[in-house]
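Asks: Output the structure for:
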Amino acid sequence: MADKLVVEIAISNLNTGPLPCRSKTLHQLAERICAGEGCEGTLEISVLFCDDMYITMLNKKYRDKAEPTDVLSFPQDSAWVTEGAVKVLGDVVISMDTVCARCYGKRIAMRQEVLLLFCHGVLHLLGYEHHTPSLAAEMNQRQADYLGLDLETAWRPVRN
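Replies: Below is the predicted model:
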């Protein structure tokens with residue numbers, strides 16, 4: 001019998017403003033993704049909302065790119081997880097400066113952008129990549145499916 005899926009989300013906001021979507025919405029999306037990917041047990045995902053300066057520092061430190069980006073994902077090595085323990089999938093970091101600039105500060109567009117970036121980040125935590133056309137197509141399709149979007153809306157060329 002498969003273990004029941006439980007997804008725990010820890011949200012941190014380094015920005016002064018409110019987030020454009022509710023934590024419940026992020027939680028429901030994470031559950032939909034993890035269930036769709038056949039995950040079992042108790043999973044934990046950390047989400048950090050930050051500004052361009054902070055994400056630039058992370059991008060430089062971990063990817064050697066001294067520029068802001070929209071989302072970064074940091075999967076955790078789960079080799080240490082024992083049966084029945086919480087499996088920490090990892091961390092998703094989203095720049096609200098980039099989201100706001102991309103969406104011209106329009107709240108509904110920002111909400112959709114955050115959901116897209118969060119979905120993208122969670123898929124990375126689950127092992128998806130997009131460095132080849134076939135991998136990008138597969139990840140794009142997953143994003144479209146989980147977000148209920150058409151393919152064109154669920155993917156933009158990745159800005160590295």
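Asks: Test my guess that residue 119 contacts residue 145.
Replies: No - using CB atoms under 8 Å, residue 119 makes no contact with residue 145, being 9.8 Å away. C-beta: built from backbone N, CA, C; applies to glycine.
Asks: Now do the helices in this protein.
Replies: 23-36, 52-63, 96-102, 107-125, 133-147 (DSSP state H).
Asks: before we move on, back to that, okay, residue 119 and residue 145: which has more neighbours?
Replies: residue 119 (26 against 15; other CB atoms under 10 Å).
Asks: residues contacting the more buried one?
Replies: 29, 33, 143, 146, 147 (CB atoms under 8 Å, 6 or more residues apart in numbering).
Asks: Select only the buried ones of the residues you listed in ChimeraX?
Replies: Buried residues among the contacts of residue 119 (16 or more other CB atoms under 10 Å), as a ChimeraX selection:
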select :29,33,143,146,147
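Asks: Of the contacts of residue 119, which is the nearest to residue 22?
Replies: Among those, residue 29 lies closest to residue 22 (CB to CB), at 10.8 Å.
Asks: Residue 112 versus the residue lying closest to residue 98 once chain neighbours are set aside, what's the distance?
Replies: Leaving out its chain neighbours, the residue that sits closest to residue 98 by CB to CB, 6 or more residues apart in numbering is residue 70, at 4.6 Å. To residue 112, residue 70 is 13 Å away according to CB to CB, to the nearest Å.
Asks: who's more crowded, those two?
Replies: In terms of neighbours (other CB under 10 Å), residue 70 is the more surrounded of residue 70 and residue 112; the figures are 24 against 18.
Asks: Next up, phi/psi of that one, please.
Replies: phi -80, psi -40 (degrees, to the nearest 10).
Asks: these two touch, right, it and residue 96?
Replies: No - contact between residue 70 and residue 96 fails when scored by CB under 8 Å: they sit 9.9 Å apart.
Asks: Tell me who's in contact with residue 42.
Replies: Taking CB under 8 Å, 6+ apart, we find residue 42 in contact with 6, 7, 8, 85, 86, 87.
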